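>>> Sharing a model prediction with you, sequence too.
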Amino acid sequence: MIVNKSALDGVFFNLKTTFNRALQAAEPEWEKIAMKVTSGSSENRYKWMERFPAMRKWVGEKVVKQLKGQGYTIINDDFEATIEVDRNDIEDDTLGIYGPEAEMAGYSSAHLPDELVFDLVNAGFVELGYDGQPFFDTDHPVGKKDGSVVSVSNKGTAKLSFATLAAAQGSFGAARTALRKMKDDEERPLNIKPNVLLVPPALEDTARALMSVERLEDGKPNPYRNAAEVVVSSRLTSDTAWFLLDTTKPVKPFIFQERKAPVFVSQTNMDSDSVFLQKKYRYGAEARGAAGYSFWQMAYGSDGTAV
């Protein structure tokens with residue numbers, strides 16, 4: 001094959017088609033636990049994290065909620081996956097060897113949000129949320145009507161278990177109760193409805209049993225049957241940690257912030273240094289985005305370390 005602009009355009013078209021096919025065929029996991037926020041700049045500042053308007057009885061003038069977010073900002077990062085095509089392979093018409101690379105670039109691009117969001121989940125016991133505390137923590141500061149501040153927990157250490165009624169109550173039951181008791185700074189219930197039990201593969205059998213069996217291992221009726229959807233992710237790095245989430249609302253516990261969706265690009269200038277010195281044409285994917293924490297009140301995490 002003669003290497004000219006027409007030939008290079010054909011290479012780009014074929015690789016891009018393979019890339020887009022893999023991109024569209026992927027089945028990402030992040031949408032089950034996170035919301036997408038479209039970004040229009042290098043970073044987004046989430047001022048609404050601290051206080052969120054809720055309907056109240058209209059008596060006199062409206063109460064204006066001051067958006068006093070504590071500067072929780074998510075900065076977009078750049079991501080890329082590059083494929084180098086040797087000029088000899090174009091001349092020899094052996095471009096089929098690059099198809100799998102383009103396909104993997106599409107697959108990787110589709111799952112970039114998964115990687116970003118589940119990295120957040122894994123780091124939730126140490127990384128800080130909007131209130132300056134670890135996202136899963138025992139002492140989130142929450143204001144009260146009288147101006148005082150109390151500590152509220154969305155973190156546990158219990159192992160997920162269906163061995164006995166007491167064990168089930170002390171793990172899943174305690175997490176569900178903690179979330180259901182969440183209140184805003186006016187001491188009104190937030191109406192949290194935990195509906196997703198997120199676990200690693202090591203806890204899949206336990207989680208599915210807890211959500212499905214009619215009787216626990218001690219023979220007592222299972223009060224948590226069908227209480228939540230079990231979501232299993234191999235991206236969770238701890239074999240003992242598990243998470244209970246409320247994803248029923250427009251705002252979800254985690255944020256995937258997209259600045260630029262994955263696109264397939266090329267660098268095929270025949271006069272470039274990479275072509276002249278190395279005989280390489282470059283193709284690949286580019287994307288911009290990031291991930292961050294939303295409301296900790298909508299998530300409970302247990303590291304499962306209790307003896």
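That came through, no problem. Numbering: from 1, shown residues only.
>>> mind listing the strands for this structure?
34-38, 43-45, 73-75, 77-86, 140-143, 149-152, 155-156, 196-199, 229-232, 242-245, 254-267, 280-293, 299-302 (DSSP state E).
>>> Not counting its own residues, what contacts the first one?
This points to strand 34-38. 44, 113, 117, 250-258, 291, 294 (C-beta atoms under 8 Å, 6 or more residues apart in numbering). (C-beta placed from N, C-alpha, C; glycine too.)
>>> Pull out the buried positions in stretch 207-216.
207, 209-211, 216 (16 or more other C-beta atoms under 10 Å).
>>> Can you get me the start-to-end distance on that stretch?
Stretch 207-216 has an end-to-end distance of 12 Å (criterion: C-alpha to C-alpha, to the nearest Å).
>>> contacting residues around the closest residue to residue 39 other than its chain neighbours?
Leaving aside its chain neighbours, residue 39 sits nearest to residue 259 (4.3 Å; criterion: C-beta to C-beta, 6 or more residues apart in numbering). Contact analysis of residue 259 by C-beta under 8 Å, 6+ apart lists 39-42, 76, 288-290.
>>> same thing with residue 111?
Contacts of residue 111 by C-beta under 8 Å, 6+ apart are 26, 28.
>>> and if you look at residue 155?
125, 134, 136-138, 300-303.
>>> can you rerun that using 10 Å?
124-125, 133-140, 175, 178, 296, 299-303 (C-beta atoms under 10 Å, 6 or more residues apart in numbering).
>>> what do you get for residue 175?
Neighbours of residue 175 in contact, by C-beta under 10 Å, 6+ apart: 154-156, 158, 160, 194, 197, 228, 242-245, 299-302.
>>> Next: residue 167.
Here residue 167 is in contact with 158-161, 173, 210, 216-218 (criterion: C-beta under 10 Å, 6+ apart).
>>> Greatest separation within the contacts of residue 175: which pair is it?
Of all pairs drawn from the contacts of residue 175, the one with the longest distance (C-beta to C-beta) is 155 and 228, at 18.2 Å.
>>> give me the number of residues near the nearest residue to residue 79 once chain neighbours are set aside?
Leaving aside its chain neighbours, residue 79 sits nearest to residue 287 (4.7 Å; criterion: C-beta to C-beta, 6+ apart). Close neighbours of residue 287, defined as other C-beta atoms under 10 Å, add up to 20.
>>> Which pLDDT value goes with residue 287?
On pLDDT, residue 287 comes in at 88.
>>> wait, doesn't it sit right on residue 39?
No. With contact defined as C-beta atoms under 10 Å, residue 287 does not reach residue 39; the gap is 11.8 Å.
>>> Quick check: neighbours shared by those two?
76, 258-260.
>>> Output those residues in CSV, with pLDDT and distance to residue 146 appended to each entry.
Output for the shared contacts of residue 287 and residue 39, formatted as CSV (pLDDT from 0 to 100; distance: C-beta to C-beta, whole Å):
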residue, pLDDT, distance to residue 146
76, 86, 41
258, 92, 41
259, 91, 42
260, 90, 47
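>>> among those, who's most crowded?
Ranked by neighbours (other C-beta under 10 Å), the shared contacts of residue 287 and residue 39 are led by residue 259, which has 20 neighbours.
>>> Find the residue ranges of the stretch 1-150 of the chain scoring beneath the pLDDT cut-off.
1-5, 7-8, 12, 48-71, 87, 89-95, 97 (pLDDT under 70).
>>> Helices along that one, start to end?
5-25, 87-91, 99-110, 112-122 (DSSP state H, counting those that start in this stretch).
>>> Please name every helix or strand in contact with the last one.
The criterion is 3 or more C-beta pairs under 10 Å, 6 or more residues apart in numbering; DSSP states H and E, and the helices and strands that helix 112-122 contacts are strand 34-38, strand 77-86, strand 254-267, strand 280-293.
>>> Pull up the pairing partners for the last one, direction included.
Spelled out, it's strand 280-293. strand 77-86 (antiparallel), strand 254-267 (antiparallel) (DSSP bridges).
>>> Good, we can wrap up now.
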